[in-house]
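> One predicted model, sequence on top.
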Amino acid sequence: MSRRIFLDTSGWLAAISERESLHQEALDAYRGVLTAGRGFVTTNLVVAEMYVLLLRHRGSTTAIQFMDALEQDPAHEVRYVTRELERQAINRWLRPYGDHRFSLTDAMSFEIMRVERIGEAFALDRNFRIAGFSTLPAIQ
């Protein structure tokens, strides 16, 4: 298994937004990952979700600063979704788990995790646990 952790919108937002109920727990866990020298992997779809959330709640300057910082940070690797990955995600995650209503972004995240053998997600989204992955910070 990879030492890298998949970074989902739910965990990332909680770590950077004091408005989130689990902010301090998420921030501590996020810093712990970086202090331990473990890196994050995410997708361009998650980055797009983060950008929209920051744009809506903090404005364009903060959203652009986020994008600039991400581009310069080697601890955060962004995977770009391909048509083939999308097809695999639909067939492996959306069709069989139709009763769970996973988002397309979640399904692509799960497929990246499967392909890259990443067993843990930095996420507050229970869907990662439903899909068989562990989460950090641990959620019920």
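The structure has been received and is ready for your questions. A quick note: this is a predicted structure, and the numbers were derived from the prediction, not measured.
> Please count neighbours and contacts with C-alpha atoms only from this point.
Noted.
> Can you give me the neighbour number for residue 9?
The tally of other residues near residue 9 (other CA atoms under 10 Å) stands at 24.
> In contact with the residue lying closest to it once chain neighbours are set aside, which residues?
The shortest distance from residue 9 to any non-neighbouring residue, by CA to CA, 6 or more residues apart in numbering, is to residue 46 (5.7 Å). By CA atoms under 8 Å, 6 or more residues apart in numbering, the contact set of residue 46 is 8, 9, 105.
> can I assume residue 6 sits in a strand?
Yes: judged by DSSP: H, G, I helix; E, B strand; the rest coil, residue 6 forms part of a strand.
> surely it meets residue 113?
Yes: at 6.9 Å, residue 6 and residue 113 qualify as touching, with contact defined as CA atoms under 8 Å.
> Looking at those two now, which is surrounded by more residues?
Between residue 6 and residue 113, counting by other CA under 10 Å, residue 6 is the more crowded of the two (28 against 21).
> Against residue 60, how distant is the more buried one?
Plainly put, residue 6 is 26 Å away from residue 60 if you go by CA to CA, to the nearest Å.
> This completes my enquiry, with thanks.
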